[in-house]
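S.K.: Okay, structure incoming, though there's no sequence with it:
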């Protein structure tokens, strides 16, 4: 918009990471992933959201 001199002078970014099975275990049967059979504690699933601003001087 302002030409190549000012391109990427300020960048705003967002990153999202979702891992459904981060340990590689069977989520239906593993005691690590479940409190009881069929009752999950969501410990084998990870969700992360990162955001930031980068400024070039």
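M.R.: Yep, that arrived. Owing to the predicted nature of the structure, the values given are computational and were not obtained by experimental measurement. Numbering: from 1, shown residues only.
S.K.: from what I can see residue 13 touches residue 55, true?
M.R.: No - with contacts counted by Cβ atoms under 8 Å, residue 13 stays clear of residue 55, the gap being 12.0 Å. Just so you know, the C-beta spots here come from the backbone N, C-alpha and C atoms, and that holds for glycine as well.
S.K.: from the middle of its chain, how far away would the lowest-mean-pLDDT helix or strand in the chain be?
M.R.: None of the helices or strands of the chain scores lower by mean pLDDT, DSSP states H and E than strand 39-40, at a mean of 73. Here strand 39-40 is found 22 Å from its chain centre; the criterion is Cα atoms, centre = their mean, to the nearest Å.
S.K.: Just checking: what are the partner strands of that strand?
M.R.: With DSSP bridges as the test, strand 39-40 is paired with strand 34-36 (antiparallel).
S.K.: buried sites along the partner strand?
M.R.: For strand 34-36, burial by neighbour count (16 or more other Cβ atoms under 10 Å) applies to residue 34.
S.K.: average pLDDT across that strand?
M.R.: For strand 34-36, mean pLDDT is 75.
S.K.: What values do phi and psi take at residue 55?
M.R.: For residue 55, the backbone dihedrals (degrees, to the nearest 10) come out as phi -120, psi 130.
S.K.: ok, and the closest non-adjacent residue to it?
M.R.: residue 10 (5.4 Å; Cβ to Cβ, 6 or more residues apart in numbering).
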